[in-house]
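Asker: 3D, please:
(one chain, ligands or ions: 1)
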Amino acid sequence: MQKNLLYFWMMFLLPFLVFSQETPLEKSGFTRITSYDELTGYVKTLDEQSDILSLDIIGSTLQNRPVYALHFSKKGVGKDRSKLKVLFFAQQHGNEQSGKEGMLLLAKKLILPEFSHLFNHIDLVLIPQVNPDGSEVNQRRNGRHIDLNRNHLIMTEPETQALHMLFDRYLFEVTMDVHEYSPYSESWEKSGYRKNSDVTLGACTNINISPTLRTFANEQVLPRILEKLKQSGFSSFLYLPGGPPEISYLRQSTFDINDGRQSLGIQNTLSFIQEGMNGKDMFLENIEHRAKGQMSGMLDMLELVYEQATVIKKMVRRERKSMLSGLSSGATSIQMIHRSDGTMLQLPVYSYDLAKDTILVTDNFRPVVESLKEVDDPVAYLIPQDDSNLVNWLKNTGIAYGRFPKKKGVKFETYYIEKIDSIDFEGDWVIDPALAKQLTGHVDQSKYWYVPVRQLKGKMIIQALEPKSMLGLATYPQFAYLVKSASDYPVLRVVKKGKE
Ligand SMILES: [Zn+2]
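Answerer: Take a look at the predicted model:
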């Protein structure tokens, strides 16, 4: 009898215990941002309550804060090879709090029985807070003032290294990087308008990423999620940095591969960015709506990729395979430019004069990315072993490299840098060296590491190591020494014989 009663109460109460686990932000009545300690406590509690969720630590920050990853899976992420692997990560920028808060709201939902069907087709990893050191003091950058979302190519920081190590372990097919944007810039205010969409979404734009994946993202995914967001009461639009139009063009974001979206996209991942609108105080203002908007966009994305899981899984596998087989015989774009295609952009904005939302129509919109310069893919690059900077880069990025293999039918190319010009890169100037390519007869193979380009990071490697690449390592201060006027570029190319 007593036992039955206990059983009854357990069955009756247990769902409520699970359901009532409010996030720290909710518990505060949306008056306090979740601190790192609260986040730690909360994700541990969720972990204890759910069989679907298990907690992982992917690395540690400079100030020794573990970075948490929440695995949602029925058998363990990657164990069942038929599952679509999905990774969402938030708060690379510590002063963009709503991504973390939205992801905690999402985690709370996902352990409920009504969402468990998602994990019949999906393995999901959530990282609610990539940059806890920055978040604790509400600053954009990490603990030693590095912008993590410009660090995904040179990868000097423990946070970006941890994220990419996780990616490399599972090779997620779908990823989304969650941010916030601030519409309150001085130049926009002067123009009389500001952007005013609760949630914006973007896909990849680097031209070396599979066109199939980019088209699928732009045509099959983004419009549907933007529509669903509107149905849930959140204004939404494409992720379009730039403007105001009288000063600078609007574009579907940079084609640089140093951010969270494109550094994973360049490995032919179906990769996205979501940006919610920040508060004017860049902190707490309107946080309930902001967090719920972020959560809504993430959940919509999850449900869409769940419905399309088989299609996406096959598509990504095919596009990765075809990239791998094409590498070292194809070409890679190393200089690109945004162009208009004549589209008049109808940008939803808030008008300061009218004190209401309106539509700003402009032709200063450049949605197309075109290649300005391509190079033939080499078979491999040779990295001088005594350049510890470059060797550390190989290690930090997880690029595969090794001793020189016995290879027939290859020859070696070096670049001689004649002089250094510059080229406009999205409004900034970067180096544009004038090069002479030379064949070199003898190479002391024991002095170099051999970096084959036929690997998933191959397109990234080429864009990083070509001296004329506007996204290359040499455009970073740490690697500027690689390109010097009237001297040889220290990295060599290995190419097939009979190929220029
Ligand atoms: Zn951001």
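
Asker: from E38, how far out is the residue in the stretch 401-500 of the chain that the ion sits nearest to?
Answerer: Per C-beta to the ion, the residue of the stretch 401-500 of the chain with the smallest distance to the ion is E426, at 16.7 Å. Placement of C-beta: from N, CA and C, glycine included. Counting by C-beta to C-beta, to the nearest Å, the gap from E426 to E38 is 38 Å.

Asker: just the terminal-to-terminal distance for stretch 137-154.
Answerer: 25 Å (C-alpha to C-alpha, to the nearest Å).

Asker: same question for it, mean pLDDT?
Answerer: Averaging pLDDT along stretch 137-154 yields 98.

Asker: show me what stretch 72-86 is in contact with.
Answerer: 52-54, 71, 110-111, 118-126, 169-175, 302, 305-306, 309-310, 312-313 (C-beta atoms under 8 Å, 6 or more residues apart in numbering).

Asker: how does it look with 6 Å?
Answerer: 52-53, 71, 110, 119, 122-124, 170, 172-174, 309, 312-313 (C-beta atoms under 6 Å, 6 or more residues apart in numbering).

Asker: also stretch 137-155?
Answerer: So stretch 137-155 is in contact with 61-63, 92-95, 131, 133-134, 157, 159-161, 257-260, 263, 283, 396-397, 476, going by C-beta under 6 Å, 6+ apart.

Asker: narrow these to those in strands?
Answerer: Counting by DSSP state E, none of the members of the contacts of stretch 137-155 fall within strands.

Asker: now a ChimeraX select for only the buried ones of the residues you listed.
Answerer: To isolate the buried ones among the contacts of stretch 137-155 in ChimeraX, judged by 16 or more other C-beta atoms under 10 Å, type:
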select :61,92,93,94,95,131,133,134,157,159,160,161,257,258,259,260,263,396,397,476
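
Asker: so which of the contacts of stretch 137-155 reach the ion?
Answerer: H93 (C-beta under 5 Å from the ion).

Asker: hey, where'd the strands end up in the stretch 351-500 of the chain?
Answerer: Ranges of strands in the stretch 351-500 of the chain, per DSSP state E, counting those that start in this stretch, are 356-362, 368-376, 380-384, 410-425, 428-440, 448-452, 487-488, 492-496.

Asker: any chance of those in TSV, with mean pLDDT and mean neighbour count too?
Answerer: Formatted as TSV, the strands of the stretch 351-500 of the chain follow (pLDDT from 0 to 100; neighbours: other C-beta atoms under 10 Å):
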stretch	mean pLDDT	mean neighbour count
strand 356-362	98	13
strand 368-376	97	16
strand 380-384	98	22
strand 410-425	96	16
strand 428-440	93	14
strand 448-452	98	21
strand 487-488	96	12
strand 492-496	95	21
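
Asker: mind putting those into CSV with distance to Q463?
Answerer: Shown next, in CSV, are those (distance: least, C-beta to C-beta, whole Å):
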stretch, distance to Q463
strand 356-362, 31
strand 368-376, 9
strand 380-384, 12
strand 410-425, 13
strand 428-440, 13
strand 448-452, 13
strand 487-488, 21
strand 492-496, 14
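
Asker: L327: which of the ones you listed is closest?
Answerer: Counting by C-beta to C-beta, L327 lies closest to strand 448-452 out of the strands of the stretch 351-500 of the chain; the figure is 8.8 Å.

Asker: the closest one: how far from the chain's middle?
Answerer: 27 Å (C-alpha atoms, centre = their mean, to the nearest Å).

Asker: same question, stretch 214-225
Answerer: That offset, for stretch 214-225, works out to 17 Å (C-alpha atoms, centre = their mean).

Asker: buried residues, it. List them.
Answerer: For stretch 214-225, by 16+ other C-beta under 10 Å, it's 214, 216-218, 221-222, 224-225.

Asker: contacts for it?
Answerer: So stretch 214-225 is contacted by 201, 203-204, 300-301 (C-beta under 6 Å, 6+ apart).

Asker: check stretch 233-250 too.
Answerer: 187-188, 191, 197-202, 226, 229-230, 251, 253, 273, 275, 293, 296, 348, 362, 364-366.

Asker: would you list the buried entries among these?
Answerer: 188, 191, 197-202, 226, 229, 251, 253, 273, 275, 293, 296, 364-366.

Asker: please list the members of the residues you listed that lie in strands.
Answerer: Mapping the buried ones among the contacts of stretch 233-250 onto strands (DSSP E) picks out 199-202, 273, 275.

Asker: specify which member of those is nearest to K484.
Answerer: Closest to K484, out of all of those and judged by C-beta to C-beta, is I273, at 35.6 Å.

Asker: who's in contact with that closest one?
Answerer: Contact analysis of I273 by C-beta under 6 Å, 6+ apart lists 177, 202, 239, 261.

Asker: from these, which two are the most distant?
Answerer: Among the contacts of I273, D177 and Y239 lie farthest apart (C-beta to C-beta), at 10.5 Å.

Asker: the two: who's more crowded?
Answerer: D177 (28 against 21; other C-beta atoms under 10 Å).

Asker: look at that one and give its secondary structure.
Answerer: Three-state call for D177 (DSSP: H, G, I helix; E, B strand; the rest coil): strand.

Asker: need the contact partners of the host helix or strand of L166.
Answerer: Using DSSP states H and E, the element containing L166 is helix 158-170. For helix 158-170, the surrounding residues in contact (C-beta under 6 Å, 6+ apart) are 58-59, 67, 77-78, 85, 130-131, 142, 148, 151-152, 155, 396, 398.

Asker: where's the residue nearest to Q478 when sequence neighbours are not counted relative to V130, distance?
Answerer: With sequence-adjacent residues excluded and distances taken as C-beta to C-beta, 6 or more residues apart in numbering, Q478 is closest to I154, at 6.3 Å. With distances taken as C-beta to C-beta, I154 is found 16 Å from V130.
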